[in-house]
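Participant: Got a predicted model here, sequence first, then my questions.
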Amino acid sequence: MAFCSITGTHLNALVKTRSSAVVSSAEAKWNVAKLDVDSILKEVKFNSDGLVPAIAQQFDSGEVLMMAWMSTESIVETLKSRRAVFFSRSRKKLWRKGDTSGQYQHVHDFKLDCDGDTVLLTVDQLGVACHTGRRSCFYLAVRDDGLEEILPVVIDPDELYS
């Protein structure tokens, strides 16, 4: 079934099947023991705040889930733990995806774009990615009458953070 044809009911069932915190079958493409983190970090072009944008994409479907920011420290922790770790600009600290919501992202692959200024994480998203309770943060689409919500709320945000 293609992603665009998933209804709210089917999406809710899909999310529930991926809602446990069990380690994903998506194995990372690198061996932590052999990883040269310093050489990787030298290739990343951080902005003036020491951050780089990162896109999280579901590894098996290609679904774009969210965009967040990464710092040197969050990249290092992500590569070593194989779990998505971002930098929260509002809280000014590391944000380990799933710590408060239980909606973890297990990293399958870590890619850097041709300019070195954007990271692409292919992940196995357990549960929803968006704080609004939707599978993806990209749930607003331009239509003739303006922006339209194209993804349903799967989990009440109050339940995510209770």
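Facilitator: Perfect, I can see it now. Not measured: the values here are computed from a predicted model.
Participant: where does the most centrally placed residue in the chain fall, helix, sheet strand or coil?
Facilitator: Closest to where the C-alpha atoms of the chain average out (CA atoms, centre = their mean) is A56, at 3.6 Å. Here A56 is recorded as strand under DSSP: H, G, I helix; E, B strand; the rest coil.
Participant: dump the residue contacts of it.
Facilitator: 64-68, 84, 105, 121, 123, 125, 129 (CB atoms under 8 Å, 6 or more residues apart in numbering). Just so you know, the C-beta spots here come from the backbone N, C-alpha and C atoms, and that holds for glycine as well.
Participant: Make a PyMOL selection of the buried ones in those residues.
Facilitator: Applying 16 or more other CB atoms under 10 Å to those, the buried members can be selected in PyMOL as follows:
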select buried, resi 64+65+66+68+84+105+121+123+125+129
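Participant: now, which of the contacts of A56 sits nearest S39?
Facilitator: L121 (18.8 Å; CB to CB).
Participant: Which SSE is immediately downstream of the helix or strand harbouring the closest one?
Facilitator: Per DSSP states H and E: L121 is located in strand 119-125. Following strand 119-125 in sequence order, the next helix or strand is strand 140-143 (DSSP H and E).
Participant: Check the offset of stretch 68-85 from the chain's centre.
Facilitator: 11 Å (CA atoms, centre = their mean, to the nearest Å).
Participant: now swap in stretch 134-141 and tell me
Facilitator: Distance, centroid of stretch 134-141 to centroid of chain: 12 Å (CA atoms, centre = their mean).
Participant: how far does it stretch from start to finish?
Facilitator: 14 Å (CA to CA, to the nearest Å).
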